[in-house]
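K.L.:
The following block contains a protein sequence and its predicted model.
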Amino acid sequence: MASNLNSQSVPLQDRVAIVTGSSRGIGREIALHLASLGARLVVNYTSNSAQADSVAAQINANSATPRAVVVQADVSDPLQVKSLFDSAERAFDSPIHILVNSAGVLDGAYPSVAATTDDSFDRTFAVNARGAFACAREAANRLKRGGGGRIILLSSSQVAALRPGFGAYAASKAAVEAMVKVLAKELKGTQITANCVAPGPIATDMFFEGKSEETVNRIVQECPLGRLGETKDVAPVVGFLASDAAEWVNGQIVRVNGGYV
């Protein structure tokens, strides 16, 4: 009975999870939440090592043995993504069970399609679409088969909202949503599931960048719950999808937006 209780309280006990873009924002909260469910974490960052180190330190604070390691990798570079997976397997001497791809970029100028530069478009697609592809491809080839394998890609409710100023961004995330549905079918026989979590407006640095107070207030008014989302609104949904309880959820887009869309 005790072991059953334990499996309920720490459903991800000792499973290895890579969370890309987990030095801040939604990715950070996801890493902390998966750790609270028993997972061993690879905290990935692109440029801010101090923030990533602080996430790992928070996870490791209450543990005799390290349960989180920090690995730098730019997800838009497939060689760095491969190295990220290599580092994860080495650090914990274990196959990887869970990939959460939370790394993403947004042009804070919110240009119309007519005003989007080639550089802005290319950077948005390099990180958001190519990055998700590189991570999903590596995960499809390397995640543990036979149970517990989870691929969770972060999309955006902008794919449903389709607001002006998000042309390249929404298109990059729509590509991810299409890919995850195909991937779920291709993983037949592995017991690895593939899903997207698509948050709406969440109070993070990325959300606030380039927005006036008036714009933020308008978005709050548009939400039926009358507030911005918080990172802790998203992390438990990812935690559920990563667990055995979510095995029957596969090839789905879960919109986490308070009814905004």
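P.N.:
Nice, I can see it.

K.L.:
how many neighbours does Asp122 have?
P.N.:
Residues within reach of Asp122, counting by other Cβ atoms under 10 Å, total 13. To be clear about C-beta, it is placed using only N, CA and C from the backbone, and glycine gets the same treatment.

K.L.:
so which strand or helix has it?
P.N.:
For Asp122, the host element (DSSP states H and E) is helix 118-125.

K.L.:
List the buried residues in that helix.
P.N.:
Ser120, Phe121, Arg123, Thr124, Phe125 (16 or more other Cβ atoms under 10 Å).

K.L.:
CA-only coordinates of whichever helix or strand comes after it, as PDB, when you get a sec.
P.N.:
Counting by DSSP H and E, the next helix or strand C-terminal to helix 118-125 is helix 131-142. Coordinates of each C-alpha in helix 131-142 appear next as PDB, following Å, rounded to 0.1, in the frame of the first residue of the first chain:
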ATOM      1  CA  GLY A 131      14.000  23.900 -32.700                       C
ATOM      2  CA  ALA A 132      10.900  22.000 -31.900                       C
ATOM      3  CA  PHE A 133      11.600  19.700 -34.900                       C
ATOM      4  CA  ALA A 134      15.200  19.000 -33.800                       C
ATOM      5  CA  CYS A 135      14.200  18.300 -30.200                       C
ATOM      6  CA  ALA A 136      11.200  16.100 -31.300                       C
ATOM      7  CA  ARG A 137      13.300  14.200 -33.800                       C
ATOM      8  CA  GLU A 138      16.000  13.400 -31.200                       C
ATOM      9  CA  ALA A 139      13.300  12.400 -28.700                       C
ATOM     10  CA  ALA A 140      11.600  10.200 -31.200                       C
ATOM     11  CA  ASN A 141      14.800   8.300 -31.700                       C
ATOM     12  CA  ARG A 142      16.100   8.200 -28.100                       C
END
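
K.L.:
Give the next helix or strand downstream of helix 131-142.
P.N.:
Sequence-wise, the next helix or strand downstream of helix 131-142 (DSSP H and E) is strand 150-154.

K.L.:
Check which strands are paired with that following strand and give the direction for each one.
P.N.:
strand 98-101 (parallel), strand 193-199 (parallel) (DSSP bridges).
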